[in-house]
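kindly return the folded structure for what I paste below:
(chains A and B)
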Protein chains: 2
Amino acid sequence: MSRRVTVADAAALLQEADDILLLLHQYPDGDTIGSGYALALALQALGKRVRPACSDPIPPKYTYLTEGVEFPQFTPQFICAVDVADVKLLGSLAEVGKTAQLCIDHHATNVEYATHLLLDAACGAAAMVVRRVIAALGVPLTPRMAACLYTGLATDTGCFKYPNTTPEAHRLAAELIEYGAPYAAINEAMFDRKSRARMEIERLELSSMQYHFGGRCAVMVITNAMIAEAGATEDDMEGLAPLPRQVEGVWVGVTLRQKADGGFKVSIRTGALADASAVAGYLGGGGHRGAAGCAVNRPLDEAIARVLDAIAHTVDGIDN
Amino acid sequence: MSRRVTVADAAALLQEADDILLLLHQYPDGDTIGSGYALALALQALGKRVRPACSDPIPPKYTYLTEGVEFPQFTPQFICAVDVADVKLLGSLAEVGKTAQLCIDHHATNVEYATHLLLDAACGAAAMVVRRVIAALGVPLTPRMAACLYTGLATDTGCFKYPNTTPEAHRLAAELIEYGAPYAAINEAMFDRKSRARMEIERLELSSMQYHFGGRCAVMVITNAMIAEAGATEDDMEGLAPLPRQVEGVWVGVTLRQKADGGFKVSIRTGALADASAVAGYLGGGGHRGAAGCAVNRPLDEAIARVLDAIAHTVDGIDN
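Sure thing, here's the model as predicted:
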């Protein structure tokens, strides 16, 4: 269990520390990178030795935040994780994470591995919590810090589209734009650019669309052959699961993604009229009401039939 | 020429008026509907007879804003246009528009047809200007008014993604959420739902993708046969032109959309490295630096060849 601390406490811990290592989670996204680098720059502005660290390289998409800033090497005296709910998410840095004195996070699922925990699960992005810490440290935002925080905020809220977008999220966006965050360029890079392989995998996925239960269920398939044909990498595959549910009139959207062993990882997305976790639970998986998943290790046609059977058994009124 | 008025002046004109007709533009979108209905509800709260009017029916996508509110019939004594830059955009109500006493708008291109004009071109949405007017009228926002204004704000800023998203736009979003705008449901309906025909036209469009100039130019084609195959309506075709430019590394994105007469309407989209209006201008069209268009009345292969020729002649360095 961690000791829960306030923003002022967390700022005081950082203010007293030096030689600070900031841990980002593996497969780093806009929020862990943006939050971690913003805090690193703020601590550097206070004259501290500080360095962000991640088990994986920063994806090219985000290097506009990390290039051109230098952080020194040193033996860490204070370890702080940013946007990391569990040491397991630190990859090769998990052992280092176990010695973390502080964690700054917004995940309600945080497993409380750090000595001190600053957590606000009402925040849509860790960047919102980090912004409060930087304010408590008394460091004025530079345009680079604003760009980092804006990236975290915008990516974790789906550019202010998701239900986690609070009034505070919008007010922070307003402030970050005023501090010089190049929001238009960031939004274009984050939300309006796709690789050629991604375009191709979307085309192939759309070609696989099937409708069932009078259009109340849409099913898409991504096979290993399709991934090979598109030349797609794991990065290109991100965020494909919501697509079938976007079709008007669909209660249950299903994506079957083939695994290396030939079986299928099944992602289920639902709106108000169906419970994704009930469908996934019927097949031995689990998740939340709106998004759940399971594995079905069968040939494609049989896998689809099993999923449809699970839907017929768990979703009231879908076969009327 | 209109007389330019302040927010207080516009509020005073409305305060003195009664039997007010509020004109929305043809092919109504989220901003003209949201702004117009919000203002109508505010004026109704002041005890006035008021009615929004549009030459076209409200698309089903937006009826959550307009259903369940009743506006009376009357002979208009005061006419106010909302989000209407030109009487030509009023369709069958153009003649009525010529007698407008007031226009509330955010388009820099407003042709000043109304007696009085409240214009702020720095606003990304007319909803931002209307919100100021409602504040000046002293009417507290209801959740329904907040939903109307949020819809206008979110749709005209691409859910806060476009460069026209100012700090004021974000602060207004925060306020509207606090006044009860069901932002999550609105965002899902506006930005995360597509018709089956739209899914199919996107698949066909993606199938038509060609790359030229070493990937610096992407071309997509939408023929009448494709539209028929997908069963797509005009509503389904909205917002397809930006797709080719979204591919990484593309300087010039081109969409050729076949017209009823067999020729092609060409949409050109560019980033910082090319000028769309120069390409379109070479072919007798025009537009802005980032988005421009022209018509090429030739068979498809020849039309594409002409566009590529125009690009080679007008975009420096693209064929290196």
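
and the helix or strand bottoming out on mean pLDDT in chain A, what does it pack onto?
In chain A, no helix or strand scores lower on mean pLDDT, DSSP states H and E than strand A:286-287, which sits at a mean of 89. The contact analysis (3 or more CB pairs under 8 Å, 6 or more residues apart in numbering or on different chains; DSSP states H and E) places strand A:286-287 against helix A:276-282, strand A:291-296. Glycine gets a C-beta too; all of them are placed from N, C-alpha and C.

winner for burial among the ones you listed?
Of all those, helix A:276-282 carries the top mean neighbour count, a mean of 22, counting by mean count of other CB atoms under 10 Å in any protein chain shown.

quick check, that one touching chain B?
No - Helix A:276-282 lies out of reach of chain B by CB under 8 Å from any CB of the partner chain, never closer than 15.3 Å.

where do the strands sit along chain A?
Counting by DSSP state E, chain A has strands at residues A:3-4, A:20-23, A:50-53, A:78-82, A:102-105, A:116-119, A:210-212, A:217-222, A:252-258, A:264-270, A:286-287, A:291-296.

least reliable of these by average pLDDT, please.
The minimum mean pLDDT among these belongs to strand A:286-287 (a mean of 89).

which residue is the nearest non-sequential neighbour of residue A:34?
The spatial neighbour of residue A:34 that comes closest, neighbours along the chain excluded (CB to CB, 6 or more residues apart in numbering or on different chains), is residue A:152 at 3.2 Å.

now do that neighbour against residue A:304, distance only.
As for residue A:152, its distance to residue A:304 is 38 Å (criterion: CB to CB, to the nearest Å).

nearest residue to residue A:87 other than its sequence neighbours?
residue A:97 (4.0 Å).

tally of neighbours for that neighbour?
The burial count assigned to residue A:97 is 22, neighbours taken as other CB atoms under 10 Å in any protein chain shown.

now stretch A:186-198, how far from the chain's geometric center?
The chain centre lies 16 Å from the centre of stretch A:186-198; the measure is CA atoms, centre = their mean, to the nearest Å.

list the buried ones in that stretch?
Going by neighbour count (16 or more other CB atoms under 10 Å in any protein chain shown), the buried part of stretch A:186-198 is A:186, A:187, A:188, A:190, A:191, A:193, A:194, A:195, A:196, A:197, A:198.

which residues does the closest residue to the fifth one other than its chain neighbours contact?
When you say that, I think you mean residue A:191. Spatial nearest neighbour of residue A:191, excluding adjacent residues (CB to CB, 6+ apart): residue A:159 at 5.4 Å. For residue A:159, the contact set (CB atoms under 8 Å, 6 or more residues apart in numbering or on different chains) comprises A:187, A:190, A:191, B:159, B:160, B:161.

is it true that the first one touches residue A:154?
Yes - with contact defined as CB atoms under 8 Å, residue A:187 reaches residue A:154; the gap is 6.5 Å.

so what's the residue nearest to residue A:87 up against?
For residue A:97, the contact set (CB under 8 Å, 6+ apart) comprises A:23, A:79, A:81, A:84, A:87, A:90, A:113, A:114.

repeat for residue A:218
By CB under 8 Å, 6+ apart, residue A:218 lies in contact with A:209, A:210, A:211, A:212, A:244, A:245, A:247, A:250, A:252, A:253, A:254.

now do the same end-to-end measure for stretch A:2-9.
Taking CA to CA, to the nearest Å as the measure, stretch A:2-9 stretches 14 Å from start to finish.

now residue A:227: closest residue in space, sequence neighbours ignored.
residue A:201 (6.8 Å).

rewinding a little: residue A:152 and residue A:304: which is more packed in?
Using other CB under 10 Å, the more surrounded residue of residue A:152 and residue A:304 is residue A:152, with 33 against 20.

what's the pLDDT at that one?
98.

report the contact partners of it.
Counting by CB under 8 Å, 6+ apart, residue A:152 touches A:30, A:31, A:32, A:33, A:34, A:35, A:38, A:83, A:125, A:126, A:127, A:130.

isn't the fourth one right up against residue A:62?
So the one you mean is residue A:33. Yes - assessed by CB under 8 Å, residue A:33 is found in contact with residue A:62 at 5.0 Å.

so the two - more neighbours on which side?
residue A:33 (27 against 21).

list the contacts of that one.
By CB under 8 Å, 6+ apart, residue A:33 lies in contact with A:24, A:52, A:54, A:58, A:62, A:65, A:66, A:148, A:151, A:152.

pLDDT at the first one, what is it?
The model reports residue A:24 with a pLDDT of 98.

count of residues packed around it?
Residues near residue A:24, counting by other CB under 10 Å: 29.

and it, its phi and psi?
Dihedral pair for residue A:24: phi -100, psi 160, per degrees, to the nearest 10.

that one and chain B, how far apart?
The gap separating residue A:24 from chain B is 24 Å, by CB to the nearest CB, to the nearest Å.

quick one: that residue and residue A:83 touch, right?
Yes - under the criterion of CB under 8 Å, residue A:24 makes contact with residue A:83 at 7.1 Å.

give me the common contacts of these two.
A:32, A:36.

where does the stretch 51-200 of chain A have low pLDDT?
Under the criterion pLDDT under 70, no range of the stretch 51-200 of chain A is flagged.

residues from it in reach of chain B?
So far as CB under 8 Å from any CB goes, the stretch 51-200 of chain A lies against chain B at A:159-163, A:165-171, A:173-175, A:177-178, A:183-184, A:187-188, A:191-196, A:199-200.

find the nearest non-adjacent residue to residue A:4, please.
residue A:117 (5.6 Å).

isn't that neighbour up against residue A:9?
No - judged on CB under 8 Å, residue A:117 makes no contact with residue A:9 at a distance of 10.2 Å.

out of those two, which sits in the busier spot?
Between residue A:117 and residue A:9, residue A:117 has the larger neighbour count (other CB under 10 Å), namely 21 against 15.

on that earlier part again, tell me the one of the buried residues of stretch A:186-198 nearest residue A:311?
Comparing the buried residues of stretch A:186-198 against residue A:311 with CB to CB places residue A:198 closest, at 28.4 Å.

buried subset of the contacts of residue A:152?
For those, buried by 16+ other CB under 10 Å: A:30, A:31, A:32, A:33, A:34, A:35, A:38, A:83, A:125, A:126, A:127, A:130.

how near is the fourth one to residue A:22?
Applying CB to CB, one obtains 11 Å for the distance of residue A:33 from residue A:22.

what sits in contact with each of the two?
Listed as contacting both residue A:33 and residue A:22 by CB under 8 Å, 6+ apart are residue A:52.

what residues does the stretch 201-320 of chain A put near chain B?
Where proximity means CB under 8 Å from any CB, the interface of the stretch 201-320 of chain A facing chain B comprises A:202, A:203, A:206, A:207, A:209, A:211, A:215, A:242, A:246, A:247, A:248, A:249.

show the contacting residues for the residue nearest to residue A:263 when sequence neighbours are not counted.
Nearest non-adjacent residue to residue A:263, counting by CB to CB, 6+ apart: residue A:297, 3.4 Å away. By CB under 8 Å, 6+ apart, the residues touching residue A:297 are A:261, A:262, A:263, A:264.

ok, 10 Å please
Going by CB atoms under 10 Å, 6 or more residues apart in numbering or on different chains, residue A:297 touches A:259, A:261, A:262, A:263, A:264, A:265, A:303.

how about the residues you listed in CSV, adding distance to residue B:16 and neighbour count?
What follows is the contacts of residue A:297, written out as CSV (distance: CB to CB, whole Å; neighbours: other CB atoms under 10 Å in any protein chain shown):
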residue, distance to residue B:16, neighbour count
A:259, 70, 11
A:261, 75, 9
A:262, 75, 12
A:263, 72, 15
A:264, 67, 26
A:265, 65, 17
A:303, 69, 21
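
now, the residues you listed that are in helices?
Using DSSP state H, residue A:303 are the members of the contacts of residue A:297 that sit in helices.

farthest pair within the contacts of residue A:297?
Pairwise over the contacts of residue A:297, using CB to CB, the maximum falls at A:261 and A:303, 12.9 Å.

between the two, what contacts are shared?
The overlap between the contact sets of residue A:261 and residue A:303 (CB under 10 Å, 6+ apart) consists of A:295, A:297.
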